[in-house]
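Have a look at this prediction, sequence included:
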Amino acid sequence: MAPSFDFASSLLCTEDSAVFDESHNNGGTMMSMMGVYEDTWSPRKRHFDEEPDELPLLSDESLAMMVEKECQHWPGLRCLNKLQTGDLDFGARMEAVDWILKVRSHFGYCSRSSLVIQNYLDRFLCAYELPKGRVWTMQLLAVACLSLAAKLDETEVPLSLDLQVGESKFLFEAKTIQRMELLVLSTLKWRMQAITPFTFLDYFLCKINDDQSPLRSSIMRSIQLISSTARGIDFLEFKPSEIAAAVAMYVMGETQTVDTGKATSFLIQHVEKERLLKCVKMIQELSCNSGSAKDSSASVTCLPQSPIGVLDALCFSYKSDDTNAGSSVNSSHNSPVAKRRKLNKTCGADLL
Amino acid sequence: MLTLREKYYDFDQISSKVFKCRRDDQFFTMKIVSILNEENQANNGVPYWIIREISILKELDHINIVRLIDVMTDGPDLFLVFEYLDNEFQADFLKNPKMFMYPQMKKEFLYQILNTVAYLHARKILLRDLRPENILVNVRTQVLKIALFGAARTFEAPLEAYSSSVGCLSYRSPEVLFQFGCEKYSTPNDVWAVGCIFGEMLLHRPLFSGPSDVELLDEIFTLLGTPTEETWPGVTSICGTCALMGPPQQPKDLAKEFPMLNPDGLDLLSKMLCLCPNYRISAEDAVKHPYFKGV
């Protein structure tokens, strides 16, 4: 009796699987049942060994809800417009973004973090006018946004002072950072659950792969490309779902595993076709300029050079065998730390 | 912007840092959180658990989740304004003896918990600390509220290691108990916790109560059988050392352990307490289970 129970229990488990949509076997002889048993177990074992842990995919309803919600968190067009008209200091923002990418790399944070931090930065800049002529305020804002993202998403949160690594002209007191944190939090109305392309990536990759889990290499490649879009302002015009759809389509097309026409017809149910195709083209140009997927060293990109003039190549490097898929290689850069001026309280008081 | 005292008035203290207050004709619960008093956080800005709890609650609008309406700052303090729950809402819902008078009420409350978990998972939010203490219940209106989201967080691809020491031990899933070296888990952990709560509603005691990971796993395997590569593909590589597995045990007959439960209920319980996280039923599927027909 016990063996039968085990067998039934196994079948019950099989039915619960979210990975395979297998038809039920409602009858038949014991031999048939044994056959079903053998057939269903082999693919599962093989799948488990080859693929990363299953993620619960967004359901179709959840996706629609996320697409609707992302507009509330997406500063893209407003931010782009401000940058283009000069209302926002392009150079200062670029410098802040470069610093964010370096610090993220230093602490080994996942790729999503840099997009989250930029989301905070851009949303804040669209909603709050920093005092003109105080160059340190953008740096303080970057530090605060980095700190907030680390606290929200990472398991290890460095001390505020330790966050200020890399070439920075200013060093802020912990109390000053906290006041800026509170200002960012209230300005963003404590809505810190940023929606990024990573929110949609797994859903799109899975769907255009005929509901099969994508290969780890496809996920890694997608992460790399999405992270690359964070540089410059070219991709600010696209919503996270559009970037995710374009990257998924490009990556799966790159591996020649899917029909691009079929993929397009699926994806345009969720994003506008013209914008999707435009974004795919830009992803393609970005990919060509940053070298092939297998080339671990980055070449010069077509994106605007940062005011610092140095591109942190390691931000684009991923080892295909990295078990920590979300992290870039830690920087081994050992340049002497630039001299930093410590601000007194009055500077913070003026701003906050 | 209105200041705190301009916006809310008629403060009435409930406990040391919790007040009832009013605005127009509505009552609210105001909770004071001091940012600067955190010993280890004094030099690290706004504490991470505050940011997580508030930012997640801000996204949620569900009848079974205590609603955060407003956040205000005043110097070193944060003022969190929640919907007001009157005295009819009692904390730690499994301590309420009225719970067990009506079998239909168990089903109703279980459904509300699963509905809430499905709602959260659809938004890529993990609860991670679901247990009776965090659940308030109004027996008269049969409405349940889940409070306290300090342990909750979002999840994104690819899965990464999360904090391991999260959640009450009794409601922790086997994959979490196994993986204290590599805490990689997701929504099935929350569903397991609901399964434990379901079992607790039926038995009037915690389903598993071992004081340590090893003892807890032993209790789990005593009831559900020791996992094998057939029942849980990959389990040997996950648990690392076979010492955690203990001697092989056969699963008990759930129908004999839970005689009060009908076949549909047994089916649902067994699927929520499935050892393999990949095979465990999702909250989204659980709310559609035949056991809830008529709810």
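That came in fine, so what should we check first?

Contacts only, for residue B:85.
Applying C-beta atoms under 8 Å, 6 or more residues apart in numbering or on different chains, we find residue B:85 in contact with B:29, B:66, B:136, B:138, B:145. For every residue, glycine as well, the C-beta is placed using N, CA and C.

Where does the prediction get shaky in the chain?
Just going to use chain A. Per-residue confidence for chain A (pLDDT under 70) gives these ranges: A:1-59, A:73, A:108-109, A:154-163, A:165-169, A:256-257, A:290-352.

switch to chain B, that's the one I care about
Within chain B, the segments meeting pLDDT under 70 span B:1-2, B:36-43, B:96-101, B:148-168, B:179-185, B:240-244.

So in it, which strand runs the longest?
Longest strand of chain B, by residue count under DSSP state E: strand B:26-34.

so residue B:72, which of the three states?
At residue B:72 the chain is in strand, as set by DSSP: H, G, I helix; E, B strand; the rest coil.

neighbours around it, how many?
17 (other C-beta atoms under 10 Å in any protein chain shown).

does it really touch residue B:21, like I thought?
No. Look at residue B:72 against residue B:21 with C-beta atoms under 8 Å: they stay out of range, at 11.6 Å.

Can you pull the residues that touch both of those two?
residue B:81.

excluding its backbone neighbours, what's nearest residue A:208?
Leaving aside its sequence neighbours, residue A:208 sits nearest to residue A:263 (C-beta to C-beta, 6 or more residues apart in numbering or on different chains; 4.1 Å).

gap between the one you found and residue A:244?
With distances taken as C-beta to C-beta, to the nearest Å, residue A:263 is found 13 Å from residue A:244.

for residue B:91, same thing?
Counting by C-beta to C-beta - residue B:91 and residue A:244 are separated by 41 Å.

Settle it for me: which of these two has more neighbours?
residue A:244 (28 against 15).

in chain A, which spans are strands?
A:170-171, A:341-342.

Could you do chain B as well?
B:9-15, B:18-23, B:26-34, B:68-74, B:77-83, B:89-90, B:125-126, B:135-138, B:143-146, B:153-154.

Who are the contact partners of residue 83?
Using chain A here. Neighbouring residues of residue A:83 by C-beta under 8 Å, 6+ apart: A:90, A:93, A:233, A:236.

should've been chain B
B:28, B:29, B:66, B:67, B:69.

tell me which of the residues you listed is nearest to residue A:259?
The closest of the contacts of residue B:83 to residue A:259 turns out to be residue B:67 (C-beta to C-beta; 46.1 Å).

Tell me what the closest residue to the closest one other than its chain neighbours is bridged to.
Leaving aside its chain neighbours, residue B:67 sits nearest to residue B:83 (4.4 Å; criterion: C-beta to C-beta, 6+ apart). Following DSSP bridges, residue B:83 is listed with bridge partners residue B:28.

so how far is chain A from residue B:83?
As judged by C-beta to the nearest C-beta, to the nearest Å, residue B:83 and chain A stand 16 Å apart.

Going along the chain, name the helices of the stretch 151-295 of chain B.
Here the stretch 151-295 of chain B has its helices, by DSSP state H, counting those that start in this stretch, at B:174-178, B:188-203, B:213-224, B:235-239, B:254-257, B:263-272, B:283-286.

Is there proximity between the last one and chain A?
Yes. Taking C-beta under 8 Å from any C-beta of the partner chain as the criterion, helix B:283-286 and chain A are in contact, through B:284, B:285.

Now find how far off-centre that helix is within its chain.
15 Å (C-alpha atoms, centre = their mean, to the nearest Å).

can you list the domain ranges for chain A.
Domain assignment for chain A by the TED database gives A:75-188, A:197-290.

Can you convert these into TSV and add a column each for distance to residue B:266?
Shown next, in TSV, are the domains of chain A (distance: least, C-beta to C-beta, whole Å):
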stretch	distance to residue B:266
domain A:75-188	38
domain A:197-290	31
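
among the ones you listed, which is nearest residue A:68?
Nearest of those (C-beta to C-beta): domain A:197-290, 10.2 Å.

buried ones in stretch B:217-232?
The neighbour-count check on stretch B:217-232 (16 or more other C-beta atoms under 10 Å in any protein chain shown) flags B:217, B:218, B:220, B:221, B:223, B:224, B:225, B:226, B:227, B:230, B:231, B:232 as buried.

Repeat that for stretch A:117-137.
A:117-126, A:130, A:136-137.

Residue B:227 and residue B:177 touch, don't they?
No. The criterion here is C-beta under 8 Å, and residue B:227 misses it with residue B:177 at 11.7 Å.

Go through the contacts of residue B:85 and say which is closest to chain A.
residue B:66 (15.8 Å; C-beta to the nearest C-beta).

Thought residue B:143 was touching the closest one, still the case?
No. Under the criterion of C-beta under 8 Å, residue B:66 makes no contact with residue B:143, lying 11.4 Å away.

neighbour-wise, which of the two wins?
Set residue B:66 next to residue B:143 and count neighbours by other C-beta under 10 Å: residue B:66 wins out with 20 against 17.

Apart from its chain neighbours, what residue comes closest to the more buried one?
residue B:147 (4.5 Å).

Can you name the residues that contact that neighbour?
B:66, B:134, B:135, B:136.

go on, residue A:229?
If you count contacts by C-beta under 8 Å, 6+ apart, then residue A:229 has A:197, A:235, A:243, A:247, A:283, A:286 around it.

Which of those residues has the largest number of neighbours?
residue A:197 (31 neighbours).

what sits up against stretch B:56-67?
Identification of contacts with stretch B:56-67 by C-beta under 8 Å, 6+ apart yields A:189-191, A:193, B:68, B:71, B:82-83, B:85, B:112-113, B:115-116, B:119-120, B:123, B:125, B:136, B:143-147, B:149, B:152-154.

ok, 6 Å please
When contacts are defined by C-beta atoms under 6 Å, 6 or more residues apart in numbering or on different chains, stretch B:56-67 is touched by residues A:190-191, A:193, B:68, B:82-83, B:112, B:116, B:119, B:125, B:144-147, B:149, B:152.

Show me which residues of that stretch are buried.
For stretch B:56-67, burial by neighbour count (16+ other C-beta under 10 Å) applies to B:56, B:57, B:58, B:59, B:60, B:64, B:65, B:66, B:67.

for stretch B:106-115, same thing?
Buried, per 16+ other C-beta under 10 Å, within stretch B:106-115: B:106, B:107, B:109, B:110, B:111, B:112, B:113, B:114, B:115.

Apart from its neighbours in sequence, what residue is nearest the last one?
By that I understand residue B:115. residue B:287 (5.4 Å).

Also the first one?
The shortest distance from residue B:106 to any residue that is not its chain neighbour, by C-beta to C-beta, 6+ apart, is 4.9 Å, and that residue is residue B:201.

Next up, the contacts around residue A:78.
So, once contact is read as C-beta under 6 Å, 6+ apart, residue A:78 ends up touching residue A:126.

if we go to 10 Å?
Shown in contact with residue A:78 (C-beta atoms under 10 Å, 6 or more residues apart in numbering or on different chains): A:87, A:88, A:122, A:123, A:125, A:126, A:127, A:236.

Residue A:116 is in contact with the third one, correct?
Yep, that's residue A:122 we're talking about. No. Contact between residue A:122 and residue A:116 fails when scored by C-beta atoms under 10 Å: they sit 11.1 Å apart.
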